[in-house]
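J.: A predicted structure for the sequence below; I have some questions about it.
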Amino acid sequence: MELKTLGWNQQFESEFETYKQEGYSVGRVALEHKHMYRVLTEHGEVLAEVSGKFQYNAAGRGAYPAVGDWVVLSIRNEEGKATIHNVIPRVSKFSRNIAGATTEEQIVAANVDTVFIVAALNADFNVRRIERYMLMAWESGANPVIILSKADLCQDIDEKVSETESVAIGVPIHVVSAGRNIGLEALSDYIQEGKTVALLGSSGVGKSTLVNSFTGKETLKTGDIREDDDRGRHTTTHRELVVLDQGGILIDTPGMRELQLWETDTGLSQGFSDIKDLASRCRFRDCGHNGEPGCAVRKAIEQGELDAERYKSYLKLQKELAYLERKEDKQQLAQAQKDKGKKLRWVRGRQGN
């Protein structure tokens, strides 16, 4: 397979040049196992693991290869295996904080050109969830596109499209039904040779069905919707990169109902540009939008120009990001003190000898 088909471009070529001169190969991560990676190269598929030096130098989970990454390899052709020595700098990455109490970056997909935010037009439709995905998409460096799926199950499509437009200002919105082949043709414009599209959304919204529609076969498993709450069952259990015969690359991801934010300052500004614009019109530059005279934000809410629930969501996300930043700062301080203690013990040990 040609590297160009996998999304290789001049920027990656420039980053790889030094490694190329040293005799290394390059490949793209298609699937991440536990401590193992399935990597696509121009000579075929290999099973790879990171080198000991890589593990030693890795600064946290976010430094490890993720699906969509280009990696520097030494390949053992006779075994069909390889060793990963480095990750070529990413042009984009979709990250979230890992689930649970720990504050650590988890990269969902890397080197993505377009993010398909998929939301089902059924009883599980949630505009606040779309908002959160929008923030992460803007922060990733990729272009967000909203896919409202399962149109055949919806009686009020126009109303839900209008709700989505209110939180996805300037973002393309497509209404589709993969089961009935409605609206899929318009999505082909984003899926072209060498371009990568990541599909994001909760379980059961139809991501895997969309992938299967473009591959023309059941490449990924699909599941039914639970009847009691219209929510989907988990069918995709891992991230996977799929290269289409007609050109283009798709990355399917597991459903993420709990989407914990990770560094979305830029995303917050872009995702809530309407509120930022209103805030710039307030009489006072440091207006807290909490009863101050001349507050353009409160005036817009009172006059129905700004949805009060959207503003509440904005404040909630701001608090969440502030909490994440404080938590991360504490962890970094604790790690710095731990490293300092190790160094001090090492020095004392040397002096004792």
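T.: Perfect, I can see it now. These numbers were taken from a predicted model, which means no experiment stands behind them.
J.: Please work out the average pLDDT along stretch 284-303.
T.: Per-residue pLDDT values across stretch 284-303 average out to 90.
J.: Just the buried positions in that stretch, please.
T.: 287, 289, 295, 296, 297, 298, 300, 301 (16 or more other Cβ atoms under 10 Å). (Each C-beta comes from the backbone N, C-alpha and C, glycine too.)
J.: quick one: the last one is in a strand?
T.: This points to residue 301. No - when DSSP: H, G, I helix; E, B strand; the rest coil is applied, residue 301 is found to be helix, with no strand at that position.
J.: out of everything not next to it in sequence, what's closest to it?
T.: residue 308 (5.2 Å; Cβ to Cβ, 6 or more residues apart in numbering).
J.: Now for the buried residues of stretch 284-303: which two are most distant?
T.: 287 and 301 (13.5 Å; Cβ to Cβ).
J.: Surely the residue nearest to residue 301 and residue 302 touch.
T.: No - using Cβ atoms under 8 Å, residue 308 makes no contact with residue 302, being 9.3 Å away.
J.: mind showing which ranges of the stretch 251-353 of the chain have poor pLDDT?
T.: Applying pLDDT under 70 to the stretch 251-353 of the chain flags the ranges 255-267, 323-353.
J.: where along it do the helices fall?
T.: Under the criterion DSSP state H, counting those that start in this stretch, the stretch 251-353 of the chain contains helices at 265-271, 273-279, 296-302, 308-352.
J.: likewise the stretch 1-150 of the chain?
T.: Here the stretch 1-150 of the chain has its helices, by DSSP H, counting those that start in this stretch, at 10-21, 52-57, 127-140.
J.: Would you mind finding the most buried of the ones you listed?
T.: Across the helices of the stretch 1-150 of the chain, the average number of neighbours (mean count of other Cβ atoms under 10 Å) peaks for helix 127-140, which reaches a mean of 22.
J.: tell me what that one is packed against?
T.: Counting contacts by 3 or more Cβ pairs under 8 Å, 6 or more residues apart in numbering; DSSP states H and E, helix 127-140 packs against strand 93-97, strand 114-120, strand 143-149, helix 157-167, strand 196-200, helix 265-271, helix 308-352.
J.: let's go with 10 Å and repeat that
T.: Helix 127-140 sits against strand 93-97, strand 105-110, strand 114-120, strand 143-149, helix 157-167, strand 196-200, helix 265-271, helix 308-352, with contacts defined as 3 or more Cβ pairs under 10 Å, 6 or more residues apart in numbering; DSSP states H and E.
J.: can you give me the mean pLDDT across that helix?
T.: pLDDT averaged over helix 127-140 gives 84.
J.: quick one: that helix to strand 105-110, angle?
T.: For helix 127-140 against strand 105-110, the angle by axes from the mean of the first three to the mean of the last three Cα atoms, to 10 degrees is 80 degrees.
J.: Only alpha carbons, please: show helix 127-140 as PDB.
T.: Only the C-alpha atoms of helix 127-140 are listed here, as PDB (Å, rounded to 0.1, in the frame of the first residue of the first chain):
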ATOM      1  CA  VAL A 127     -27.700  18.900  22.500                       C
ATOM      2  CA  ARG A 128     -25.500  19.400  25.600                       C
ATOM      3  CA  ARG A 129     -23.500  16.200  24.700                       C
ATOM      4  CA  ILE A 130     -23.000  17.600  21.200                       C
ATOM      5  CA  GLU A 131     -21.600  20.800  22.800                       C
ATOM      6  CA  ARG A 132     -19.000  18.800  24.700                       C
ATOM      7  CA  TYR A 133     -17.900  16.900  21.500                       C
ATOM      8  CA  MET A 134     -17.700  20.200  19.700                       C
ATOM      9  CA  LEU A 135     -15.300  21.600  22.300                       C
ATOM     10  CA  MET A 136     -13.000  18.600  21.900                       C
ATOM     11  CA  ALA A 137     -13.200  18.700  18.100                       C
ATOM     12  CA  TRP A 138     -12.200  22.400  17.900                       C
ATOM     13  CA  GLU A 139      -9.300  21.700  20.300                       C
ATOM     14  CA  SER A 140      -8.100  18.800  18.300                       C
END
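J.: so how far is that helix from its chain's centroid?
T.: Remark: helix 127-140 is offset 9 Å from the chain centroid, using Cα atoms, centre = their mean, to the nearest Å.
J.: got the angle for it vs strand 114-120?
T.: Using the same axes, to 10 degrees: helix 127-140 against strand 114-120 is 170 degrees.
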